[in-house]
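A.B. asks: what follows is a predicted structure for the sequence shown.
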Amino acid sequence: MPESAADGRTWLLSGPGSSYAVHVTEADELVHLHWGPRLTLADAEALAERPLPDYWPFESPLDGREEYPVEGGARFVRPALSVRTAGRRGTEWTFGGHEVVGDELRLRFLDGGLAVTLHYRMRGDVVERRATLRNEGDEPLELLRADSATWTLPDRDGWRLSQLHGRWAAESRLTRSPLTYGEKVIGSRRGHTGHQHLPWIALDTDATEERGEVYGCALGWSGSWRIAVAQLPDARVQITGGAGYDDSGLLRLAAGESFTTPVFAGLWTDAGFGGASRAWHAYQRAYVIPDADRDRPVLFNSWEATYFDISEEQQAALARRAADIGVELFVVDDGWFGARTGDHAGLGDWRPNPDRFPQGLKPLADQVHALGMQFGIWVEPEMVNPDSDLYRAHPDWVQFQPGRQRTELRNQLVLNLAREDVQEYLWHQLDTLLSSAPIDYVKWDFNRCFTDAGWPDDPYPQRLWVDHVRALYALLDRLRAAHPGVAFESCSGGGGRIDLGVMSRTDQVWTSDNTDPLDRLAIQHGFSQIHPARVMAAWVTDSPNTQLNSRVSSLRFRFVSAMAGVLGIGGDLSEWTEGELAEARRWVGLYKEIRPLVQHGDLHRLRPPEGGLSAVQYVRGGETVVLAWLQAQRYGEPVPSLRLRGLDPTASYECLETGEVHRGAVLLHHGLRTGLRGDLDATVIRLRRI
C-alpha cells in the first residue's frame, strides 16, 4: 500500500525489494525523490527536505528532477504533457490533493479546465504508472502529447542502454550500447507496435546476467508509440514514453471527456539482467496475461503445410496426423473464408467459403474435437481487400486521404476501426462466427502498417491513431466476455504487435514468421528479456526452411528450439515419414512433461546464442530442465559444462537422463556430453531434487 507523510505531500510505494518516492513542493512542483532499493517513509521525507539546485538562468532546477514534466515555464527537457486550449499552449498546474484507491495512489493537479491525475501502483517490484487527462471546463482542449510517465534515474557514471530491435522475420534482437549525451528515441509511427522495436528498454552501468543494478521500462500500447531516453547536460537520465510518435496532435477532448494513457511500467532490481527478466515474467503471469496459470496447448497450424490451397477433407486428414503425434489444438490458417484463394481477395468477408466448407466450419470442428483436440481459426479483422463484398459495399470504411491514392500493401487496406459502424460490423461478424461452430482459439493477425491514415468526414481525423487501438482493445474485451472459452493469439506478420497492452487481452503471441530454429534462438533470447515463455509461440516447421533461408536442420534441433516456448508444429505432416512422425511423437510427449517448468518456471539464460553452445534453464519447485543447442563445434572442442542457477546449493538433484546425482551448485557436464555428440545437436536435460 502507498504510504503518505504527515504533510500530505510525500509518498512512498514499496515492493519486496524496491521503493519509489515522490514529493510535491510548496510551489506545487511534483519532484522525483527515489527509485531503487527499499527505504522507509522517514528516509523519503529526509530526501524531500533537500533543496533543488539553483541553475537559473541557463538551466532549469526542475529538469531531470520533475516527476512528470509539462510544457511551459522554466523547463527545457522533453515535456510529457503538451496541451493546447483557447489559442494557448502549456500547463501551469496547482496541486489538487491525493487519494489512495485500493493499492493505487492518485495525485491530482488542476490548470483551469484541465484536470491531470497521475496514477501509481506497485505490483511486486514493478511500478505501474499512467495519467488521466480530463476536460472539466467549458471549452474543448487538444492533447498534443500525453505521455504515460517520465522515469528519473539516480546519478551514475557510464550508463548502458539495452533495447530490442529488428525487422520482419528478425524481431527482438538484443543490442547494448553506451548512453551518450542527448536523446535516444525508439518507437513506431506505423499504427501498430512494430517489428522494428519492442517498447522496452533497460539501463545499467555494470550488470551481468545474475548481478548488478538494472532499471527497465515497458510500455503497454499496441499502436504508434515513442520512448525517449535522455542524458541531460548535468548527466542525469530521464526516460519518457507513451502513445503516439510525434507531437502533432493526439486527441481533442470536449467538455467532460477524458483520456487515460496506457501503462508505462518500470522495474528496478539488483539481481542483474536475469533477475530483471524473472521479475518481468512473474509480473506478467500474475497481473497481465489472462488465465496465465493454465498451460498453453501444443498446437498444429496449417499455414506452411497448405497455404491458401485448403479444403475440409484435406484439413481433416492433417488433423488425424496431428492428433496421432499428440497435438492438442488444431488451427486452420488463412484461406477458409470468402473468396480467399490468395492474398488478393476475401479479407472482410468473415464467412466460410461455401466451396471449401459447404456446411460451414462446424463439421470440421466436430471432427477435430472427436480426435481429442481443440479447434482454432485465423482471422485478420482490421484489414480488407478491395476485392471483397465488404469493400464494394463500404469503400469509405477504410483509412484514406481524400484526393490521394489508396496505398495497398499485401493487396489490402486498413479498416478505420475508430468508426463506430466498423466496430459494430466486426463485432457482429466475429460474434456470429464464434457462435456458429465450437471454436476454441483465434489467431488474430495484422499484416500491414498504416500508410494513408486519413478520415475525411471527422472534424479531428488524427484521433484515429489512438481510437483504432482503443477500439481494438474494446472489441477483444467484448469478444472475450461473450466467448470466455476462446483463447486469442496476437500476430502481426510475426512479432509486429507484442506489448503489455495486447498481452493483457490475448493468451499468447506469435513471436516471428521466422521459424528457422537457429535464427529463433537469438529472437527468443531477446524476447525473454521482457516477456515469459508462457506467451512465446514457437513452431517446428519443415527442413529445408523454404519459407525463409533454405537452411537444413535436424528434427531434434527444431523441436528443442521450439520447446523453449509454447510448442507448435507447422510442417506438412502429410509429407513426414513414419520415422519422423514417431520422433515427433516422442518430442511432443517430452514437452508435455516439462511444460509446467517452461511455461510457469523461472528462466535462467545460461549461455547466449552467440557461439558454439547456447542454453536456457527453467526452475520450478524442486525440478529444473535445461535446453541446450550446439550451434557449432570446431577443432574437436569439447562441449563446455554449464553452471546451473536457481537451485538449492545444499540439496542433491538426480539427472533423469543419466541417473547421475549432483549437488545444487553443479557444473552440468556429463549430461551435456552424452546429449550433444555426433549428430546430436540439441538436448533436453531434467533434474529433480531428491
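C.D. replies: Here it is on my side, so go on.
A.B. asks: show the end-to-end separation of stretch 130-144, please.
C.D. replies: Taking CA to CA, to the nearest Å, stretch 130-144 runs 17 Å from one end to the other.
A.B. asks: tell me which residues of it come out buried.
C.D. replies: By 16 or more other CB atoms under 10 Å, the buried positions in stretch 130-144 come out as 130-135, 137, 140-144. C-beta: built from backbone N, CA, C; applies to glycine.
A.B. asks: what's the closest of those to Arg607?
C.D. replies: Within the set of these, Arg130 lies nearest Arg607; the separation is 37.7 Å, counting by CB to CB.
A.B. asks: right, and Leu41 touches Glu3 too?
C.D. replies: Yes: with contact defined as CB atoms under 8 Å, Leu41 reaches Glu3; the gap is 4.8 Å.
A.B. asks: between those two, which contacts overlap?
C.D. replies: Common neighbours of Leu41 and Glu3 (criterion: CB atoms under 8 Å, 6 or more residues apart in numbering): Leu12.
A.B. asks: in CSV, list the buried residues of stretch 130-144 along with secondary structure, pLDDT and distance to Leu548.
C.D. replies: Formatted as CSV, the buried residues of stretch 130-144 follow (DSSP: H, G, I helix; E, B strand; the rest coil; pLDDT from 0 to 100; distance: CB to CB, whole Å):
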residue, secondary structure, pLDDT, distance to Leu548
Arg130, strand, 98, 39
Ala131, strand, 98, 42
Thr132, strand, 98, 44
Leu133, strand, 98, 44
Arg134, strand, 98, 49
Asn135, strand, 98, 50
Gly137, coil, 94, 55
Pro140, coil, 95, 50
Leu141, strand, 96, 49
Glu142, strand, 96, 45
Leu143, strand, 97, 42
Leu144, strand, 97, 42
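A.B. asks: I'd like those residues laid out as a markdown table, including distance to Ala632.
C.D. replies: Output for the buried residues of stretch 130-144, formatted as a markdown table (distance: CB to CB, whole Å):
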| residue | distance to Ala632 |
| --- | --- |
| Arg130 | 46 |
| Ala131 | 49 |
| Thr132 | 53 |
| Leu133 | 54 |
| Arg134 | 58 |
| Asn135 | 61 |
| Gly137 | 66 |
| Pro140 | 62 |
| Leu141 | 60 |
| Glu142 | 57 |
| Leu143 | 52 |
| Leu144 | 52 |
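A.B. asks: just list the residues touching Gly191, thanks.
C.D. replies: 223-224, 414, 449-450, 453, 465, 468.
A.B. asks: the residues you listed in strands, which ones?
C.D. replies: Val414 (DSSP state E).
A.B. asks: all strands for the stretch 401-550 of the chain, in order.
C.D. replies: Taking DSSP state E, counting those that start in this stretch as the test, the strands found in the stretch 401-550 of the chain are 413-414, 441-444, 487-490, 508-510, 536-540.
A.B. asks: what's the closest of those to Glu209?
C.D. replies: strand 536-540 (19.0 Å).
A.B. asks: how about the nearest residue to the most centrally placed residue in the chain, chain neighbours excluded?
C.D. replies: Centroid check for the chain by CA atoms, centre = their mean gives Asp499 as the closest residue, at 2.7 Å. Nearest-residue entry for Asp499: Thr193, 4.8 Å, with adjacent residues in sequence omitted and distances by CB to CB, 6 or more residues apart in numbering.
A.B. asks: picking that back up, just curious, which of the contacts of Gly191 is nearest to Val332?
C.D. replies: Here the nearest of these to Val332, counting by CB to CB, is Val414; it sits at 24.1 Å.
A.B. asks: tell me how many other residues crowd the closest one.
C.D. replies: 25 (other CB atoms under 10 Å).
A.B. asks: OK, contacts around the residue nearest to it when sequence neighbours are not counted?
C.D. replies: Excluding the flanking residues, the one nearest Val414 by CB to CB, 6+ apart is Gln399, at 4.9 Å. Gln399 sits next to 413-416, 450, 452-455, 464 when contact means CB under 8 Å, 6+ apart.
A.B. asks: which ones among these lie within helices?
C.D. replies: Here DSSP state H is the test, and those give Leu464 as lying in helices.
A.B. asks: report the mean per-residue pLDDT for the longest helix seen in the chain.
C.D. replies: As assigned by DSSP H, the longest helix anywhere in the chain is helix 578-600. Confidence for helix 578-600, expressed as mean pLDDT, is 98.
A.B. asks: ok, now which ones touch Trp444?
C.D. replies: 379-381, 476, 488-491, 506.
A.B. asks: where does pLDDT dip in the protein?
C.D. replies: Low-confidence segments of the chain (pLDDT under 70): 55-56, 678.
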